[in-house]
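# how would this look folded up:
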Amino acid sequence: MYQLAVRSGFSAAHRLAYYPGACERLHGHNWKVTATVAGEELDQLGMVMDLMVLQTILDECLHQFDHRMINEVAPFDQTNPTSENLARYIFGWMKNNLPAKARVVSIEIAENDDFSVIYSE
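Now for the predicted structure:
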């Protein structure tokens, strides 16, 4: 089994409903997202998939949040935009948009250098 990882990011604002502290107020982050995928078979070039293609797929997912108020982007207009919920959403999006020979293993999302969440199935 091979595992590939790419990292990208986006800048966005959010607020956490019912949070007992400052994060209930509107604030922003420069989010960092790492997508790890796996595959067993290599193509004729010796790759599970081109890392540039994987990067493009992740960037397509993250584009919907970039320079936006996440609370206004579906499904986060109905779901609290916590790092946990964002990681699960990105995982599902990647799962539905990867080539068949690769499967998403985990999504790590970090609001800053000190805190991150990893989601996997």
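
# Just want the most central residue of this protein.
Closest to where the C-alpha atoms of the chain average out (Cα atoms, centre = their mean) is I90, at 4.1 Å.

# hang on, that one in a helix?
Yes: assessed with DSSP: H, G, I helix; E, B strand; the rest coil, I90 lies in a helix.

# And for it, nearest residue in space, chain neighbours not counted?
Spatially, and ignoring its direct neighbours in sequence, I90 is nearest to I107 (4.8 Å; Cβ to Cβ, 6 or more residues apart in numbering). C-betas here are computed from N, CA, C, even on glycine.

# Dump the C-alpha coordinates for stretch 108-121 into PDB.
Extracted as PDB, the C-alpha positions of stretch 108-121 are listed here (Å, rounded to 0.1, in the frame of the first residue of the first chain):
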ATOM      1  CA  GLU A 108      -6.100  16.800   8.700                       C
ATOM      2  CA  ILE A 109      -7.200  20.400   9.100                       C
ATOM      3  CA  ALA A 110      -5.400  23.000  11.200                       C
ATOM      4  CA  GLU A 111      -6.700  26.400  12.200                       C
ATOM      5  CA  ASN A 112      -3.200  27.400  13.300                       C
ATOM      6  CA  ASP A 113       0.200  25.900  14.100                       C
ATOM      7  CA  ASP A 114      -0.900  24.500  17.500                       C
ATOM      8  CA  PHE A 115      -4.200  22.800  16.800                       C
ATOM      9  CA  SER A 116      -5.400  20.300  14.200                       C
ATOM     10  CA  VAL A 117      -8.100  17.700  13.700                       C
ATOM     11  CA  ILE A 118      -7.700  14.400  11.700                       C
ATOM     12  CA  TYR A 119     -10.700  12.600  10.300                       C
ATOM     13  CA  SER A 120     -10.700   9.100   8.800                       C
ATOM     14  CA  GLU A 121     -13.200   6.400   8.300                       C
END
